[in-house]
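> need coordinates for the below:
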Amino acid sequence: MRRALAEAAQAASAGDVPVGAVVLGPDGVPLAAAHNEREATGDPTAHAEVLALRRAAGAHGAWRLTGCTLVVTLEPCTMCAGALVQSRVDRVVYGARDEKAGAAGSLWDVVRDRRLNHRPEVIGGVLEADCADQLTSFFRTL
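I've put the predicted structure just below:
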């Protein structure tokens, strides 16, 4: 999570919402890392999770990220939750809950919807205060 927090800080310094993500391979070694790049790229899909999954698939050599873990500073939104399900990651670890747009248990629970063919394990609240403080600080300065 500390690596994801460092990624999030890069997003904030570029004027984007500070969210960072890291994909760990089945052996626990980082495959990829990313931060929000919506402002930098003008791409509404450039969320940290989506970018990290894309990069991890490239490093892994396959779109199926079975055995992998995504670590992210903020609970994934519905778009990112869908990408997580489609990528077949085994586990999602997040820091701060997102009561307004969270799709891993807060507002929705897309990643564990029993109607879907893949449901990763979800672990929330890891370094939650640090993740939440980073976001709160960013929005206070706006």
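
> list the buried residues for the helix or strand containing Ala52?
Assigned by DSSP states H and E, Ala52 falls within helix 48-60. For helix 48-60, the neighbour count (16 or more other Cβ atoms under 10 Å) marks 48-57, 60 as buried. Using the backbone N, CA and C atoms, a C-beta is placed for each residue, glycine as well.

> quick one: residues contacting Val23.
The contact partners of Val23, taken as Cβ atoms under 8 Å, 6 or more residues apart in numbering, are 30-33, 52-53, 55-56, 65, 68-71, 89.

> what about 7 Å?
By Cβ atoms under 7 Å, 6 or more residues apart in numbering, the residues touching Val23 are 31-32, 52-53, 56, 65, 68, 70.

> what of Arg88?
64-66, 118.

> could you turn the buried ones of those into a ChimeraX selection?
To isolate the buried ones among the contacts of Arg88 in ChimeraX, judged by 16+ other Cβ under 10 Å, type:
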select :65
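
> redo the contacts of Arg88 as JSON lines? Include distance to Arg112, secondary structure and pLDDT.
Shown next, in JSON lines, are the contacts of Arg88 (distance: Cβ to Cβ, whole Å; DSSP: H, G, I helix; E, B strand; the rest coil; pLDDT from 0 to 100):
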{"residue": "Arg64", "distance to Arg112": "19", "secondary structure": "coil", "pLDDT": "98"}
{"residue": "Leu65", "distance to Arg112": "17", "secondary structure": "coil", "pLDDT": "98"}
{"residue": "Thr66", "distance to Arg112": "17", "secondary structure": "coil", "pLDDT": "97"}
{"residue": "His118", "distance to Arg112": "10", "secondary structure": "coil", "pLDDT": "93"}
